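Chemist: this is the structure alone, sequence omitted:
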């Protein structure tokens with residue numbers, strides 16, 4: 001009798017799990033979101049123009065949304081800033097490469113590579129990647145980070161561990177990458193370029209919730 005009750009209990013639990021998984025497949029968990037294509041073209045005095053990503057690159061990136069946009073500020077003499085947003089729907093792993101993010105894929109070489117702490121108003125500080133790259137006499141500064149379910153991290157490995165943990169808990173596993181880069185003017189210190197990117201990131205950050213659910 002006890003064994004029969006135990007078997008029945010296990011069967012009920014398995015059936016319940018199967019029902020939940022099927023329901024989740026039909027109606028994914030998580031809030032709705034806006035398409036990245038509708039991300040604002042104007043951020044204060046910065047106005048953006050979309051930079052198309054070649055089809056041969058898009059085909060290597062799998063399912064998701066990808067926007068690359070160059071913003072210019074005609075109110076100042078600051079160099080342009082390129083914003084790259086990549087969003088991946090429910091998945092248990094992130095991209096290992098996000099062309100054209102990878103500098104070596106487009107002829108750039110890395111001069112400096114480390115992390116830096118970023119903090120937006122009213123939010124907790126987090127680590128972001130900071131790269132100084134060069135191609136010939138040109139130099140650019142790049143900031144990037146991963147984002148999933150309100151977590152922002154610099155490390156792809158750390159993000160993948162979070163996604164695996166979320167998948168085991170049947171939590172949403174959608175994720176995103178945010179990248180900003182700007183050219184350095186002749187003689188400009190990388191720190192000045194970083195300040196420019198951080199200020200621009202402060203305009204981008206409060207608008208991301210519509211596109212990358214927490």
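Modeler: On my side now, so go ahead. Remember, predicted model here, so these are calculated numbers, not experimental data.

Chemist: so for the most centrally placed residue in the chain, what's the pLDDT?
Modeler: The residue lying closest to the centre of the chain (CA atoms, centre = their mean) is residue 177, at 1.4 Å. Looking at residue 177, its pLDDT is 91.

Chemist: and it, its phi and psi?
Modeler: phi -130, psi 140 (degrees, to the nearest 10).

Chemist: please verify my assumption that it contacts residue 147.
Modeler: Yes. Using CB atoms under 8 Å, residue 177 is in contact with residue 147, at 7.4 Å. C-betas here are computed from N, CA, C, even on glycine.

Chemist: skip the chain neighbours and tell me the closest residue to the residue nearest to the centre of the chain.
Modeler: Leaving aside its sequence neighbours, residue 177 sits nearest to residue 86 (CB to CB, 6 or more residues apart in numbering; 4.5 Å).

Chemist: okay, that neighbour and residue 76: tell me how far apart.
Modeler: Going from residue 86 to residue 76 by CB to CB, to the nearest Å gives 28 Å.

Chemist: tell me which of those two has more neighbours.
Modeler: residue 86 (24 against 10; other CB atoms under 10 Å).

Chemist: ok but the more buried one is inside a strand, no?
Modeler: Yes. Residue 86 forms part of a strand when assessed by DSSP: H, G, I helix; E, B strand; the rest coil.

Chemist: hmm, residue 63 and it touching each other?
Modeler: No. Judged on CB under 8 Å, residue 86 makes no contact with residue 63 at a distance of 11.2 Å.

Chemist: what bridges to residue 183?
Modeler: residue 140 (DSSP bridges).

Chemist: burial of it, as a residue count?
Modeler: Neighbours around residue 183, by other CB under 10 Å: 14.

Chemist: quick one: pLDDT of it?
Modeler: 97.

Chemist: residues contacting it?
Modeler: 79-80, 138-140, 193 (CB atoms under 8 Å, 6 or more residues apart in numbering).

Chemist: could you rank the residues you listed by neighbour count and give me the top one?
Modeler: Busiest of those [other CB under 10 Å] is residue 193, holding 24 neighbours.
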